[in-house]
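Asker: Give me a model of this one.
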Amino acid sequence: MFRLEGRKAALALLSGVLTALAMPGFGFGPVVFVALVPLFFALDGRPRFVYGILFGAAFIALDLRWILTLCRFSLLVIPGLVLLVLYLSLFFGLFAVSLVPSRRRTGGATFLLAAPVAFTLLEIARAQGPLGSGFSALYQALYRIPSLIQIAGVLGPWAITAVIVFVNAALYLAVRRRRARYAAAGGAAIVVLAAACLLPVPPTDGDPVRVAVVSSNVKQEVKLDGRNLPSLTDRYMNLGQNALAWNPDLIVFPESILPTYILRNDEILARLRDLAIGGPTRILFGTGDYRAREIRNTVALLSKKGDLVGTYAMVRPVPFGEYVPGRRLWEAIGLGGLVDSFLPIDLTPGEAFEPLGEFGTPICFESTFPDPARRLVEKGAGLLVVVTNDAWFAGSSELVAHFAAAVFRAVETRRFVVQAANGGVSGIVDPRGRILESTTREELVRGTVISRSSRSLYVRLGDLPLLLLLGIGGLAFLGLRIIGDRNAKRGART
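Answerer: Residues are numbered from 1 along each chain as shown. From the prediction side, this is the model:
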């Protein structure tokens, strides 16, 4: 049996708190470069699964605290959040176990390799599967420091995570072993991140697009009530008319703007068509769509003539928010009624990531992951347009965390990113991750962006180069361990 040491438990919890403070919700980004040091002292060269769990629980519970805003809809959110925290904490427990102790001369080198490789691979794994989460990734702490995130356009965002963990590991060794060379290694790693600013960005080779983004603040309780359809329709149409005064090439409305299936509502669709013709301008808007007995979360694009150019259906819906993973299993174990009480119907996911003409349109949750945006650009999207409804989270830290994701999608794909939010942050981000415009108020965000055709290395190759580098690092770690074991055996014989 293990014995939980109070000092080490406190260090693990402190590390989790510091890491949460570095995330967009609190905004102390640079803290991320030292946040893991207390955790490494808690492990102290010996794997302690429970200390990893404590770190993860403190970090995830604080960073995802905004989920509790959903309690106004169902108190089942509380046990759901507890289970989510426990599940995500398992990844940090596995990380703690992976740090094999070593007191040999190669110990420092093996630790510097093992820590970033293990943490980064587990962070990538945490984003996969039906329970995958795009939030709470270490790299997001740096969204306000564009000079340190440009490597994402080459190796993807998780390369930033790897460097962050390397810096923490180096600082831990510098303090633990009192050797300045480790601190120098950590400083050099930050310099490497900054040096990525010197990498050339593909030239601006597309056409300018004048964009008017409709930022709205409709409370979720109001939006869900079908009796508010007439007033909400007038509200959005007035915002659209105000946008026309700027003579935009594109007006963007947020996700699911009205409590109706707009594409099946001839009267409201006609008003949107008239708005497009009155510009003339293209109009992109979010709506639920019901067809063939299936409901899909959809983005639709109208041409300047008011014709429907096409629709895109969300491929990766929110688990336990838009669909229930393993619903049949829940029913088989007798919990089907409980599941139905908070989500009676699953949204049907779209078939593929396909752009609407030159526009790639990740919907809400999808924009927190690198892959949807990358695939849309890979298939020809020259501009990324995110539509979201963050009114569910009522002014919480989720709003900032969600918009932070747009910064990394811009750098990864070297595209302008436009985000239209209801109850969230609307804005425009340039291909270097610089926030050009942002607001949480109900107003118009206007700007001229470029629809680009060139593709970044990350768009072309995805995470493969990073995974290869992590694999090489893992092999080097094993090699050093083998050398260390052989040297230890020889020393014991002599």
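Asker: Check the burial of Pro230 by counting its neighbours.
Answerer: Applying other CB atoms under 10 Å, we find 10 residues neighbouring Pro230. For every residue, glycine as well, the C-beta is placed using N, CA and C.
Asker: What of Leu384?
Answerer: Residues near Leu384, counting by other CB under 10 Å: 27.
Asker: Is it correct that it falls within a helix?
Answerer: No: membership of Leu384 in a helix is not supported by DSSP: H, G, I helix; E, B strand; the rest coil, which gives strand.
Asker: start at 510 instead
Answerer: Sure thing, new numbering starts at 510, so read that last one as Leu893.
Asker: you'd agree it is up against Glu921?
Answerer: No: with contacts counted by CB atoms under 8 Å, Leu893 stays clear of Glu921, the gap being 9.9 Å.
Asker: Pull up the overlap in contacts between those two.
Answerer: Ala882 (CB atoms under 8 Å, 6 or more residues apart in numbering).
Asker: Could you report the separation of the nearest residue to Val676 once chain neighbours are set aside from Trp667?
Answerer: Distance criterion CB to CB, 6 or more residues apart in numbering; nearest residue to Val676, sequence neighbours excluded, is Gly695 at 4.3 Å. According to CB to CB, to the nearest Å, Gly695 stands 19 Å off from Trp667.
Asker: cool, and Leu682?
Answerer: To Trp667, Leu682 is 23 Å away according to CB to CB.
Asker: All the helices of the stretch 660-809 of the chain, in order from the start?
Answerer: 661-664, 667-686, 689-704, 729-732, 738-753, 775-787 (DSSP state H, counting those that start in this stretch).
Asker: Determine which of the ones you listed approaches Ser962 most closely.
Answerer: Ser962 sits nearest to helix 661-664 of all the helices of the stretch 660-809 of the chain, at 15.7 Å, using CB to CB.
Asker: Quick one: residues contacting the residue nearest the centre of the chain.
Answerer: Nearest residue to the geometric centre of the chain (CA atoms, centre = their mean): Thr877, 2.6 Å. Taking CB under 8 Å, 6+ apart, we find Thr877 in contact with 642-644, 911, 914.
Asker: ok, and the most crowded of the residues you listed?
Answerer: Going by other CB under 10 Å, Ala914 tops the contacts of Thr877 with 28 neighbours.
Asker: got the contact list for it?
Answerer: Ala914 is in contact with 643, 649, 876-877, counting by CB under 8 Å, 6+ apart.
Asker: Could I have the CA atoms of the helix or strand containing it written out in CSV?
Answerer: Using DSSP states H and E, Ala914 sits within helix 907-922. This file holds the C-alpha atoms of helix 907-922, laid out as CSV (Å, rounded to 0.1, in the frame of the first residue of the first chain):
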residue,chain,number,x,y,z
GLU,A,907,-15.5,29.5,-21.2
LEU,A,908,-16.0,32.5,-23.4
VAL,A,909,-12.3,33.5,-23.3
ALA,A,910,-11.1,29.9,-23.5
HIS,A,911,-13.2,29.3,-26.6
PHE,A,912,-12.0,32.4,-28.4
ALA,A,913,-8.4,31.5,-27.5
ALA,A,914,-8.8,28.4,-29.6
ALA,A,915,-9.4,30.6,-32.7
VAL,A,916,-5.9,32.1,-32.2
PHE,A,917,-4.2,28.7,-32.6
ARG,A,918,-6.4,27.7,-35.5
ALA,A,919,-5.3,30.8,-37.3
VAL,A,920,-1.6,30.1,-36.7
GLU,A,921,-1.8,26.4,-37.5
THR,A,922,-3.6,27.0,-40.9
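Asker: List the buried residues of it.
Answerer: Within helix 907-922, the residues that qualify as buried are 907-922, counting by 16 or more other CB atoms under 10 Å.
Asker: From Leu966, how far out is the closest residue in space to Ser963 that isn't next to it in sequence?
Answerer: Computed as CB to CB, 6+ apart, the closest residue to Ser963 that is not its neighbour in sequence is Pro711, at 3.4 Å. Taking CB to CB as the measure, Pro711 falls 10 Å from Leu966.
Asker: for Ala822, same thing?
Answerer: Using CB to CB, Ala822 is found at 29 Å from Leu966.
Asker: Those two - which one has more neighbours?
Answerer: Using other CB under 10 Å, the more surrounded residue of Ala822 and Leu966 is Ala822, with 21 against 16.
Asker: who touches that one in this structure?
Answerer: So Ala822 contacts 798, 805-807, 857-860 (CB under 8 Å, 6+ apart).
Asker: Now the phi/psi pair for it, please.
Answerer: phi -110, psi 140 (degrees, to the nearest 10).
Asker: Next one: it relative to Arg686, how far apart?
Answerer: Taken as CB to CB, the span from Ala822 to Arg686 is 55 Å.
Asker: Check Leu989 and give its pLDDT.
Answerer: Looking at Leu989, its pLDDT reads 69.
Asker: Run through this protein and note the low-pLDDT ranges.
Answerer: Across the chain, the ranges flagged by pLDDT under 70 are 510-513, 554-556, 609-616, 989-1003.
Asker: I'd guess Val896 is in a helix, am I close?
Answerer: No: per three-state DSSP, Val896 lies outside any helix segment and is strand.
Asker: Just list whatever residues bridge to it.
Answerer: Listed by DSSP bridges, the beta-bridge partners for Val896 are Ile872, Ala929.
Asker: number of nearby residues for it?
Answerer: By other CB under 10 Å, 32 other residues sit near Val896.
Asker: Check the one 3 residues further on too.
Answerer: Residue crowding around Asp899 was assessed by other CB under 10 Å; the count is 27.
Asker: For the closest residue to it other than its chain neighbours, give me its contacts.
Answerer: Of all residues not flanking Asp899 in the chain, Gly933 sits nearest, at 3.0 Å (CB to CB, 6+ apart). Gly933 sits next to 897-900, 902, 907-908, 911-912, 949 when contact means CB under 8 Å, 6+ apart.
Asker: Can I get the residues you listed in a markdown table including distance to Tyr832?
Answerer: Shown next, in a markdown table, are these (distance: CB to CB, whole Å):
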| residue | distance to Tyr832 |
| --- | --- |
| Thr897 | 17 |
| Asn898 | 16 |
| Asp899 | 19 |
| Ala900 | 20 |
| Phe902 | 19 |
| Glu907 | 19 |
| Leu908 | 23 |
| His911 | 19 |
| Phe912 | 24 |
| Thr949 | 28 |
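Asker: Just give me the closest of those to Ser740.
Answerer: Proximity of the contacts of Gly933 to Ser740 (CB to CB) peaks at Ala900, which lies at 15.8 Å.
Asker: what's the spacing between that closest one and Glu730?
Answerer: 9 Å.
Asker: ok, these two, which is more surrounded?
Answerer: Applying other CB under 10 Å to Ala900 and Glu730 shows that Ala900 carries more neighbours, namely 23 against 12.
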